[in-house]
Structures are given as C-alpha cells and as structure tokens.
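# The amino acid sequence is not available; the structure is as follows:
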Ligand code: PNS
C-alpha cells in the first residue's frame with residue numbers, strides 16, 4: 001500500500017544564471033524532468049555575474065524551450081537558494097557536472113547548502129558528452145567573435161543572441 005512518503009510529490013529545482021540557456025542546460029532539464037514529478041527551473045535574479053540578457057529575457061527563452069516538458073516550470077529567485085527550496089517544498093537541487101573542473105566549486109556549494117538546510121539534497125547529473133565543453137560564456141564569446149553557434153543553443157536562443165549582439169555593436 002502506498003504510504004505518505006511514496007505519495008509525496010518529488011519537486012526539484014534546477015537553478016542557474018541561464019545567460020542564455022544552452023543545449024547543455026536543456027539536457028539537464030530534460031533528464032531532471034524524467035526523474036522528478038515537478039521541476040522548477042529557477043533563474044537567479046542577483047547573480048554576481050553581469051548578465052548579457054535581462055532577467056525577463058532569460059526567463060522568456062527558458063519558458064519557450066521548456067514548453068515540451070509538461071512537468072517543468074520557469075521561475076526566478078532572489079536570496080538563498082535553499083530558502084527558496086524550503087518555501088516551495090522542493091527537496092532536491094539538481095546541478096549539471098560537465099568536467100572535473102566543475103567539481104570543486106559545486107562541492108563547496110553543495111556542502112554549504114547542506115549546512116544551511118540539511119534536508120535539501122543536491123543531486124549532480126552528468127551532462128551528455130557532447131555538451132561537456134559547453135557554457136553560456138563560451139557560446140557568447142564565439143557568437144561575439146562571429147563563430148558558428150548552431151547546435152550549441154536552441155534555435156530561438158541563437159536568433160536572440162545574434163540580435164542582442166547586433167544591437168550592442
Ligand atoms: O549558472 P550559475 O551562475 O553557475 O548558477 C549559480 C547559482 C545561481 C545556482 C548559485 O550562485 C546560487 O545558488 N545562488 C543563490 C545564492 C545562494 O544560495 N548562495 C549560496 C550558495 S552556497
């Protein structure tokens with residue numbers, strides 16, 4: 001017989017700056033969507049990074065590309081991620097790991113988050129090998145320098161990125 005634990009909705013957060021969302025992010029979102037009942041993609045409002053795209057633009061792009069997933073929604077958050085998880089009854093934070101170089105920083109954040117809220121678990125998913133060298137920063141740099149970014153970001157993002165860079169010239 002199903003008990004309370006098995007009945008509980010498993011809600012996960014996929015946090016990030018998403019400036020802009022890449023196919024690597026999308027891969028992690030898709031994997032999360034198949035593992036959890038509900039996935040909340042959460043865009044950090046106040047990142048220390050200076051974003052190219054506004055918060056609204058980043059959310060718009062995510063909303064567009066997450067449309068095929070019926071259990072994925074897009075949100076924004078401010079302040080501590082674990083507090084946002086608690087308020088929204090999310091018990092898991094999903095992070096993508098691309099290479100060993102990601103590990104140290106991600107481990108630090110995961111351990112600090114556990115110290116702040118021990119019942120919120122961080123889960124790492126390995127990105128697909130084809131995305132292991134991909135990051136928003138590298139995509140922006142290639143686009144800025146006129147290189148090909150086809151296949152690195154969703155088509156709609158590719159167009160927005162080119163438009164944004166043209167506007168800034
Ligand atoms: O895509 P990014 O920039 O690597 O995402 C980093 C992010 C937004 C997930 C991380 O900076 C974060 O969780 N910020 C929220 C503030 C917070 O909770 N800081 C304590 C982390 S130990």
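Now that the structure is in, tell me what you want to look at. What you see is a predicted model, and the numbers here were worked out from it, not measured in a lab.

# Show me what the host helix or strand of residue 85 is packed up against.
Residue 85 belongs to helix 81-87 when assigned by DSSP states H and E. Judged by 3 or more Cβ pairs under 8 Å, 6 or more residues apart in numbering; DSSP states H and E, helix 81-87 is in contact with strand 11-16, strand 38-44, strand 92-97, helix 100-116. Where you see a C-beta, it was placed from the backbone N, CA and C, and this is true even at glycine.

# Of all those, which one comes closest to residue 51?
Nearest to residue 51, of all the helices and strands packed on helix 81-87, is strand 38-44, at 9.3 Å by Cβ to Cβ.

# tell me the mean pLDDT over the closest one?
Averaging pLDDT along strand 38-44 yields 97.

# Would you mind listing the buried residues in the next helix or strand after that strand?
Under the assignment DSSP H and E, the closest C-terminal helix or strand after strand 38-44 is helix 55-66. By neighbour count with 16 or more other Cβ atoms under 10 Å, helix 55-66 contains the buried residues 55, 57-59, 61-62, 65-66.

# which residues are contacting helix 55-66?
17-21, 26, 29, 41, 43, 45, 51, 53, 72-74, 76, 154, 156-157, 160 (Cβ atoms under 8 Å, 6 or more residues apart in numbering).

# The ligand contacts on the chain?
15-17, 44, 47, 80-81, 109, 112-113 (Cβ under 6 Å from any ligand atom).
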